[in-house]
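**Student:** show me how the following folds:
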Amino acid sequence: MELDPDEIFGDDEDDSQPNLQERESSKEYVVYIVDASPKMFSTTCPGEDQNDQTHFQMAISCISESLKNRIINSSYDEVAICFFNTREKKNLQDINGVFEFSAGEDGLGRPTARLIKEFDQIEESFVKKIGSQYGIVPGSRENSLYNALWVAQALLRKGSAKTADKRMLLFTNEDDPFGTLKGVTKLDMTRTTLQRAKDAQDLGISIELLPLSNPDRHFSMSHFYADMLGLEGDALADFIPSSIERLQDMKDQLRKRMFKKRRYRTYSLSIANGVSIQLSAYALLRPTVPGSITWLDSTSNLPLKTERSLICADTGALIQEAPKQFLPYRNQEIKFSREEISQIKRVSTTQLCLLGFKPLSCLKDYHNLKPSTFLFPTDEEMIGSTKIFIALHRSMLRLRRFAVAYFGSSTHPQLVALIAQDEIISTRGQIEPPGMHMIYLPYCDDIRNTEELHMDVTFTTPRASNEEIQKAVALMKRVDLRDFSVCQFSNPALQKHYAVLQALALEEDEIPEIKDETLPDEEGMARPGIVNAVEEFKLAVYGEKYEEGESNNISEASRKRKAIAGKAAQESANYDWEDLAENGKLKDLTVSELKFYLAAHRLPVTGKKEALISRILTHMKK
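**Tutor:** Presented below is the predicted three-dimensional model:
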């Protein structure tokens, strides 16, 4: 096989970019715990569509939306749903008052379309098949909340807390689960439940409460849950407002792909004389794109595996051995093995190599063409990496220098800038961590020099007056978006993509309606303050006699075109085009007469007579 020199050093798939997909080692285990007591079914909260819904319905709706978005956000996550205060029981521990709605055989499982469809229908059959009852009543030693925490903790035994985040999400509208009890019984149940929650937290399981309240009665954390979650002071005062906002976000959250702020890769930074340190890389910001296409077999619906085979052109037989490549040189065929070609293409033995330092003033804003990567030292494999990194980090901050390093694979070499970031601390804690940002420097061809505009010296550039400038400033202040962030607006194309996938997976008849937040805010622009500012700006720039749609600087060619169009419209009115087209008399007209109709209707007037007639008939839909 003859070698192509351009292909040897051509860019293959950019393997220097990290694989940012969720891995098995960075997933979440989540158990949704839902209170199913009769109080959840009798208490209602106002909905956006003026139809009141019960707290149980709201919890089901939030969990359903969370499951749908979890498939997009992190497909490796595993979930389970537990109802407590139920009449029927279903759990591995065979304890009363807890019904386990599992996604997998062992409890936890990845969310699927089938799970979501079954869960959406659970409300219809809940009363008949599962039932609701008060689990904590006077004279009974049954503690349903304790049992629910126990079942959830048992479900979360899967995996290690070091490789996965484990969470319990509790939905309830009862702020005092032991309010009906008194004396020693209440103290004993409270103590054992708090101990059960503490045991789960000691195992690395976080417990999160989503309280459900209504305008008539607010959820009080001080009765029980403040002690269970360890809240006090400002954290306790801010918990209810933040939880209400989070509950609403959980119900109306966007369909978006999220990347966890976890380490996705480690790099070895070669400094000098064989000295290397190990760095952890974090992806702080990445653009979201639709997932890759997976081809499925039409009969089994299983993913297809692509295989490549080489066939001999002479015999048609499959070539078992790896083909050798050659390059003709002076009537000889110089053969290369794969190892030799790989060695030729190799630029450096290390993926990240320090080259030198430059002043920070040499680094411009336009050098940052794509999202940077955050680097932090780790001593997992190379002991002493943190000490060397700290010394290098402090020196770069003190001397105001950034490091220039080689980065990339053999097929995609690139220079990067390592910029030291100092730690920023406030009274609330750490705002920015210490570390380095790795900025991918552009090639020369990536930067285009600014083109100068050479204007005619005889032409005087118009200058805005002070009044026009003041009116423009006032208008900009009126339409300025406070605290603007690109994260406030969702990508409508991605939202439509995920909505179509959801409708196909769940076999829904209608595609969920998507709100395009990038469209102009017509209601906001119609506010009196903005309208007045726009009118004052137009009055200052164009004067009182300005009419919208007309320009004061109409060119001579534009005037001629308008005059021709007006004359053509007048001439065209003298003909009965409908009658001419019906009776086939258009061919009797001259080319100039046919152009009257075309020019009056702003259609192209070029071409032969047959083309003009065909264009007229098409426009008249004949």
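**Student:** tally of neighbours for residue 236?
**Tutor:** Residue 236 has 15 neighbours, counted by other C-beta atoms under 10 Å. In short, each C-beta sits where N, CA and C put it, glycine included.
**Student:** thought residue 227 was touching it, still the case?
**Tutor:** No. Residue 236 is not in contact with residue 227 according to C-beta atoms under 8 Å; the separation is 10.4 Å.
**Student:** OK, contacts around the nearest residue to residue 79 once chain neighbours are set aside?
**Tutor:** Using C-beta to C-beta, 6 or more residues apart in numbering and skipping residues adjacent in sequence, the residue nearest residue 79 is residue 30, 4.9 Å away. Residue 30 makes contact with 70, 77, 78, 79, 80, 166, 167, 168, 169, according to C-beta atoms under 8 Å, 6 or more residues apart in numbering.
**Student:** likewise residue 155?
**Tutor:** By C-beta under 8 Å, 6+ apart, residue 155 lies in contact with 29, 31, 80, 82, 100, 107, 108.
**Student:** any idea how far residue 211 is from residue 242?
**Tutor:** According to C-beta to C-beta, to the nearest Å, residue 242 and residue 211 sit 11 Å apart.
**Student:** tell me which of the two has more neighbours.
**Tutor:** Remark: of residue 242 and residue 211, residue 211 carries more neighbours, 21 against 10, as counted by other C-beta under 10 Å.
**Student:** where's the more buried one relative to residue 239, distance?
**Tutor:** Counting by C-beta to C-beta - residue 211 and residue 239 are separated by 8 Å.
**Student:** mutual contacts of those two, please.
**Tutor:** Residues touching both residue 211 and residue 239 (C-beta under 8 Å, 6+ apart): residue 221.
**Student:** tell me where the model's unsure across the stretch 101-250 of the chain.
**Tutor:** Applying pLDDT under 70 to the stretch 101-250 of the chain flags residues 103-106, 139, 161-162, 215, 249-250.
**Student:** and if you look at the stretch 351-500 of the chain?
**Tutor:** Low-confidence segments of the stretch 351-500 of the chain (pLDDT under 70): 410-411, 428, 451-461.
**Student:** ok, which stretches of it are helices?
**Tutor:** For the stretch 351-500 of the chain, the helices defined by DSSP state H, counting those that start in this stretch occupy 385-399, 466-479, 492-505.
**Student:** okay if I get the ones you listed as JSON lines plus mean neighbour count?
**Tutor:** As requested, the helices of the stretch 351-500 of the chain are exported to JSON lines (neighbours: other C-beta atoms under 10 Å):
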{"stretch": "helix 385-399", "mean neighbour count": "15"}
{"stretch": "helix 466-479", "mean neighbour count": "14"}
{"stretch": "helix 492-505", "mean neighbour count": "16"}
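**Student:** so which of those helices is nearest residue 305?
**Tutor:** Proximity to residue 305, assessed across these by C-beta to C-beta, is greatest for helix 492-505 (22.9 Å).
**Student:** what's downstream of the closest one, the next helix or strand?
**Tutor:** Counting by DSSP states H and E, the next helix or strand C-terminal to helix 492-505 is helix 522-525.
**Student:** which strands and helices sit next to that following helix?
**Tutor:** Using 3 or more C-beta pairs under 8 Å, 6 or more residues apart in numbering; DSSP states H and E as the contact test, no helix or strand touches helix 522-525.
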